[in-house]
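# I need the structure of the sequence given here:
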Amino acid sequence: MPGPSAAGFIWDLLFRRGLSRLHQLQLEGRRRYGPMWKASFGPILTVHVAEPELIEQVLRQEGQHPMRSDLSSWKDYRKLRGEGYGLLTAEGEEWQSVRSLLGKHMLRPKAVEAYDGTLNAVVTDLIHKLKLRSQQSSSGLVTDISAEFYRFGLEGISSVLFESRIGCLDPVVPVETERFIQSINTMFVMTLLTMAMPQWLHRLLPKPWDTFCRCWDYMFQFAKGHIDQRLEEERQKMARGEHLEGRYLTYFLSQAGVPLKSVYSNVTELLLAGVDTISSTLSWSLYELSRHPEVQTALRDEVRRVMKGRSVPEARDVAAMPLMKAVIKEILRLYPVIPANARVITDRDITVGGYIIPKNTLITLCHYATSRDPRQFCDPDAFVPQRWLSRSEGSHPFASVPFGVGKRSCVGRRIAELELYLALYFTNVKALLHQKVKC
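From the prediction side, this is the model:
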């Protein structure tokens, strides 16, 4: 199988800013080596797959309990601290049981619709925060809006998980919440470094691993504090004989056989999963809509037609807004939050594109490359949401799958999409969008 030398790949990653342009490395790899190539990063051997038909071949062979990727440093931390495994780190039967439980409340459309009131309240606070910042600015512009969208994403998922607010959209963000946000950002940077380093090297170069552990320590501490607070509130309600209400966390905690350690780990990992998706997708949506006023106008007309004078949308309204859904889908095609997905087939060798891939090999599914492939999408670098409103385009169903596909697809997809639709409604209809954009 073709591919760069180990030294060449490390050179690209470390000295050609490859870690910050992994999406471009996909395009370069496809151009140099074809639809499949191999590369080594430290002890990790990776097979890259950059053609929809071949990606489908991988996923059709993933088995009953597929692994997304090893995330070895995450697992090492949990072993060191005695923490449980969550949906992103658990494997086998443990993963399957948690996935089935979460799916009942996060993947079923009717269950997700129940969150529209909660998320609308968070969106309203976002709009108020943006207006306040605009009024406080001498130029009337909100700078670094992606940071506000990041806090909005975290506040949204927190309101679902904790059924309470953590202050991300307050005029002054609480210190502990700001520290949690910084811990997430630093942890993701340290993940790449610690996974590339063998464990024995941690003693010689301890800083990346120590920083990684400190971030996780605080993230677990933050989540545990909010979970314990919620539990105590429920105990007090029970003591007073009050009816318990809860759409997510209280249901999760009430299930037989779910230890509290598992609750801590799953909630902590779920807090990380969707924040970048919200921030990135909203930022790029406003950017492209500002550059394409005709799409913005058509979207506003669609929303007004569906809403018929109502000011606050509901989840069921989205079903009647195909352009709204197409805009988000097109943004995720052009600007996927994560440029690739991954699989590790643990129980057997598989054959893909005529190559035999040994079991336990990390297989990188290059979705960015396939979503920008001119053989799949006409004018692939252009923002054309209308391409999703007809079947004439004829792209392969695995060409653009930003939330993944199969058993390991994103469990929070429907909640993330609902949050995006509601936020885009308010930012578009409330005329917060202007055609002059600075990047």
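# Can you read off the pLDDT for Ala256?
In this model, Ala256 is scored at 56, pLDDT.
# Which residue is the nearest non-sequential neighbour of Ile157?
Distances taken as Cβ to Cβ, 6 or more residues apart in numbering put Gly274 closest to Ile157, at 5.3 Å, once the chain neighbours are dropped. All C-beta spots, glycine's among them, are computed from the backbone N, C-alpha and C.
# In the stretch 301-439 of the chain, what residue spans correspond to helices?
Using DSSP state H, counting those that start in this stretch, the helices of the stretch 301-439 of the chain run over 322-334, 367-371, 413-429.
# Mean neighbour count, those helices: which tops it?
Ranked by mean neighbour count, the helices of the stretch 301-439 of the chain are led by helix 367-371 with a mean of 26 (mean count of other Cβ atoms under 10 Å).
# pLDDT on it, on average?
Rounded mean pLDDT across helix 367-371 is 95.
# And it, what does it pack against?
If contacts are counted by 3 or more Cβ pairs under 8 Å, 6 or more residues apart in numbering; DSSP states H and E, helix 367-371 sits against helix 22-33, helix 52-59.
# can you give me the angle the next helix or strand after the longest one makes with helix 52-59?
Once helix 22-33 ends, the next helix or strand along the chain (criterion: DSSP states H and E) is strand 36-41. Per axes from the mean of the first three to the mean of the last three Cα atoms, to 10 degrees, the angle that strand 36-41 makes with helix 52-59 is 60 degrees.
# thinking again about what came up before, could you dump the helices and strands packed on helix 367-371 into a markdown table with mean neighbour count added?
Converted to a markdown table, the helices and strands packed on helix 367-371 look like this (neighbours: other Cβ atoms under 10 Å):
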| stretch | mean neighbour count |
| --- | --- |
| helix 22-33 | 18 |
| helix 52-59 | 21 |
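# By mean pLDDT, show me the worst of the ones you listed.
Taking the mean pLDDT of the helices and strands packed on helix 367-371, helix 22-33 comes last: a mean of 88.
# next one: it to chain centre, how far?
With Cα atoms, centre = their mean, to the nearest Å as the basis, helix 22-33 stands 23 Å off its chain's centre.
# Ala223 versus Leu365, what's the distance?
According to Cβ to Cβ, to the nearest Å, Leu365 and Ala223 sit 29 Å apart.
# Those two: which is more packed in?
Leu365 (27 against 24; other Cβ atoms under 10 Å).
# ok, the spatially closest residue to that one that is not a sequence neighbour - contacts?
Closest residue in space to Leu365, ignoring its immediate chain neighbours: Asn341 at 4.5 Å, by Cβ to Cβ, 6+ apart. Neighbour list for Asn341: Arg68, Thr364, Leu365, His367, Val401, Gly404 [criterion: Cβ atoms under 8 Å, 6 or more residues apart in numbering].
# Equivalent analysis for Met187, please.
For Met187, the contact set (Cβ under 8 Å, 6+ apart) comprises Phe212, Cys215, Trp216, Met219.
# number of nearby residues for Arg203?
8.
# Could you do Thr351 as well?
For Thr351, using other Cβ under 10 Å, the count is 10.
# Surely it and Ile357 touch.
Yes - using Cβ atoms under 8 Å, Thr351 is in contact with Ile357, at 7.4 Å.
# any weak-confidence spans in this protein?
For the chain, the stretches flagged by pLDDT under 70 are 11, 13-20, 42, 244-257, 392-393, 429-439.
# which one's the longest helix in this protein?
helix 206-239 (DSSP state H).
# What helices and strands are in contact with it?
Secondary-structure packing of helix 206-239 (3+ Cβ pairs under 8 Å, 6+ apart): helix 72-81, helix 175-196, helix 249-254, helix 260-273.
# go again using 10 Å as the cut-off
Other helices and strands packing on helix 206-239, by 3 or more Cβ pairs under 10 Å, 6 or more residues apart in numbering; DSSP states H and E, are helix 72-81, helix 145-161, helix 175-196, helix 201-204, helix 249-254, helix 260-273.
# ok, back up a step: could you provide the contacts of Asn341 in CSV, with additional columns for distance to Pro109?
Shown next, in CSV, are these (distance: Cβ to Cβ, whole Å):
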residue, distance to Pro109
Arg68, 24
Thr364, 31
Leu365, 26
His367, 24
Val401, 19
Gly404, 18
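# List just the nearest of those residues to Gly3.
Closest approach to Gly3 among the contacts of Asn341 (Cβ to Cβ): Thr364, at 11.5 Å.
# residues touching that closest one, list them.
Contact analysis of Thr364 by Cβ atoms under 10 Å, 6 or more residues apart in numbering lists 22, 26, 29, 37-39, 46-50, 58, 69, 339-343.
# Identify, from the contacts of Met187, the entry nearest to Glu93.
Using Cβ to Cβ, Trp216 comes nearest to Glu93 of the contacts of Met187, at 24.6 Å.
# gap between the residue nearest to the closest one when sequence neighbours are not counted and Ala369?
Nearest non-adjacent residue to Trp216, counting by Cβ to Cβ, 6+ apart: Tyr77, 5.2 Å away. For Tyr77, the distance to Ala369 equals 31 Å [Cβ to Cβ].
# coming back round to it: against Arg60, how distant is the residue nearest to Trp216?
Distance, Tyr77 to Arg60, using Cβ to Cβ: 33 Å.
# Which one's more surrounded, those two?
A count of neighbours by other Cβ under 10 Å puts Tyr77 above the other of Tyr77 and Arg60, at 21 against 10.
# Could you double-check that Gln182 lies in contact with Cys215?
Yes - between Gln182 and Cys215 there is a contact under Cβ atoms under 10 Å: 8.4 Å.
# where's Val122 relative to Leu422, distance?
As for Val122, its distance to Leu422 is 9 Å (criterion: Cβ to Cβ).
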